[in-house]
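# model this:
(chains A and B)
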Amino acid sequence: MSLGPYASFIVTSYLLVTAVVLILIVWIAIDYRRQKERLRELDASGAIRRSGRSAADIR
Amino acid sequence: MTLIDLANPTRFLTLTARLLPWLAAATAILLLIGLYQSALAPDDYQQGATVKIMFIHVPNAWLSMFVWGVMSLAALGTLVWRHPLADVAAKAAAPIGAAFTFLALVTGSLWGRPMWGTYWEWDARLTSVLILFLMYLGLIALWRAVEDPSRAARAAAILTLVGAINLPIIKFSVDWWNTLHQPASVMRIGGPTLDRAFLIPLLVMAVAFSLLFVTLHLAAMRNEILRRRVRALQMMQARERPA
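Numbering: from 1, shown residues only, chains lettered A, B, ... in the order given. Predicted structure coming up:
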């Protein structure tokens, strides 16, 4: 597959899209871990949800 | 399961936990198929190999508008039906929409330089998409600036609905004004003008990016529900703490 004289524009476009999509995925995954960790800390400190379930019960 | 059932955040979290692995797998498979087909697509007789940028530029451009459309529906849900997940949906979608819009602008710019001879031109299509990007950033800033989610929700919903005026302007800018940007070649009356060799990879990539959005959006909504649960529990603890 030859990309011709404008290969740098094509490759940069694909790399940029890959990078931004990966950043989105990692950011959302880290945020999920952070929220779960906070709920675990709240659970450990005795916080209980209005439903009576424990704070760390992610359902 | 009905829409009313999904109004319950706990039921929504249960459903999301079941759906996310399947959605993620389907997205990955479709993206791989789309990338493979894009790599094999022939060069355009005028644009050469730069036509390959279309396979990532167009899905991002479509999604930049589609996500604002989803946020506008969610804004109606917040203002009219006061659906408990409507604001969660809008807030979770905004950074993803901003990312798609950023990618549409930058890949368009990288496609424009070899084809038009310039990275940027202040024409109607490019400028209206830049305004869309700035509106996404404004909404994200609004949500971050107001601490109470319920207070931020109403202001954000109104701003989102006002911003929706920009969507038809973006779509029809290439018909209403003289622009460097080419007119619609897929979603047009009379059918697509693209050859099948380009149309099929483009549609596969469009479906793959749409699935990517659904997956990321559900995951971000789950995070937002948990964040609000953390906030509610922290406030409850602060109230119970002796003065």
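# what's whatever residue of chain B ends up closest to chain A in contact with, if anything?
With Cβ to the nearest Cβ, the shortest gap between chain B and chain A falls at B:Leu226, namely 3.8 Å. Heads up, the C-betas are built off the backbone N, CA and C, glycines and all. Listed by Cβ atoms under 8 Å, 6 or more residues apart in numbering or on different chains, the contact set of B:Leu226 reads A:32, A:35-36, A:39, A:58.
# tell me which parts of chain B are close to chain A?
B:10, B:13-14, B:17, B:39-40, B:43, B:48-50, B:52-53, B:56-57, B:60, B:95-96, B:99, B:102-103, B:106-107, B:110-111, B:113-114, B:212, B:216, B:219-220, B:222-223, B:226-227, B:229-230, B:233-234, B:236-237 (Cβ under 8 Å from any Cβ of the partner chain).
# go again using 7 Å as the cut-off
For chain B, the residues in contact with chain A (Cβ under 7 Å from any Cβ of the partner chain) are B:10, B:13-14, B:39, B:48-50, B:52-53, B:56, B:96, B:99, B:102-103, B:106-107, B:110, B:113-114, B:212, B:216, B:219-220, B:222-223, B:226-227, B:229-230, B:233, B:236-237.
# in chain A, what residue is nearest chain B?
Counting by Cβ to the nearest Cβ, chain A gets nearest to chain B through A:Gln35 (3.8 Å).
# Identify the spatial nearest neighbour of that residue, chain neighbours not counted.
Among residues not flanking A:Gln35 along the chain, B:Leu226 sits closest, at 3.8 Å (Cβ to Cβ, 6 or more residues apart in numbering or on different chains).
# Equivalent analysis for B:Phe209, please.
Nearest residue to B:Phe209, sequence neighbours excluded (Cβ to Cβ, 6+ apart): B:Pro59, at 3.9 Å.
# Show me what the helix or strand harbouring that neighbour is packed up against.
Per DSSP states H and E, B:Pro59 falls inside helix B:54-76. In terms of contacts (3 or more Cβ pairs under 7 Å, 6 or more residues apart in numbering or on different chains; DSSP states H and E), helix B:54-76 is packed against helix A:7-44, helix B:86-116, helix B:124-145, helix B:149-163, helix B:166-176, helix B:196-240.
# Report the inter-axis angle for it versus helix B:166-176.
140 degrees (axes from the mean of the first three to the mean of the last three Cα atoms, to 10 degrees).
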